[in-house]
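A.B. asks: Generate a structure from the sequence data that follows.
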Amino acid sequence: MTNQPAPAPLLIACALGIERLALRTGDRSGAGGPVTFVRTGMGPRAAERSVTRLLAGPAPADTAVLATGFCAGLAPGMHPGDLVVAEETRDPRGTVPCVGTELLVKELVRLLPGRTVHTGPLTGSDHVVRGPERSDLLATGAIAVDMESAATLLAAVRTGERPVAAVRVVVDAPEHELVRIGTVRGGISAFRVLRSILPAFFEWHRSLLLPRR
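C.D. replies: Residues are numbered from 1 along each chain as shown. Here you go, the predicted model:
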């Protein structure tokens, strides 16, 4: 009997307690391998520190990393509850290409028919983006911004070659600026969407494991 290699693990990273709550209460069945959820804390430094510590320590070298949570949409016409699948993440320190974007889009559309899925560059910031700054970031080609995805994926690839991706739910958009998450309709809508999309992450992970079988 041939020994099969152990399936590669998946690390799903988010920053906020409310994001972790959404993931913890979502459908966590159907994973293709071991899955670890980590709350990194808010901001790029916290994300980088947390992910580097995990991947440079006990995590296997082939761990796949997916950054998720909420984001701010940059393009006119975006709405709370829309999904963003990053083709790449970027910040002043560099750009990280994402893997399996098309499959993620396909699975998200299947899971949430009628929900808009945007694809494009996801940019990083070290602060909450408001007002005119959105237009400046949109002019760079980015479609959305958050504080942790770019730092998470950059830390992931710096600790070793591995598949990475980022999927975010729009909670704040140019015509729908959010003041306090969870207290307005947009925040509640985004929470429910984030809670619903774990099966797409697991399908993405399973697709990475296929060549190993």
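A.B. asks: Ranking helices and strands of the chain by mean pLDDT, which lands last?
C.D. replies: helix 185-196 (a mean of 83; mean pLDDT, DSSP states H and E).
A.B. asks: Need the contact partners of that one.
C.D. replies: Contacts with helix 185-196, where a contact means CB atoms under 8 Å, 6 or more residues apart in numbering, come from 18-19, 22-23, 25-27, 68-70, 79-81, 83, 111-112, 115, 169-173, 176, 178, 180-182. From N, CA and C alone the C-beta is placed, and that goes for glycine too.
A.B. asks: Tell me where the model's unsure across this protein.
C.D. replies: 1-7, 58-59, 175-186, 209-213 (pLDDT under 70).
A.B. asks: I'd like the distance between the most centrally placed residue in it and Pro174.
C.D. replies: Against the mean C-alpha coordinate of the chain, by CA atoms, centre = their mean, the closest residue is Thr68 at 2.5 Å. Distance, Thr68 to Pro174, using CB to CB, to the nearest Å: 22 Å.
A.B. asks: same check, this time on Asp91
C.D. replies: From Asp91 over to Pro174 (counting by CB to CB), the distance is 21 Å.
A.B. asks: Tell me which of the two has more neighbours.
C.D. replies: More neighbours surround Asp91 than the other of Asp91 and Pro174, with 20 against 16 (other CB atoms under 10 Å).
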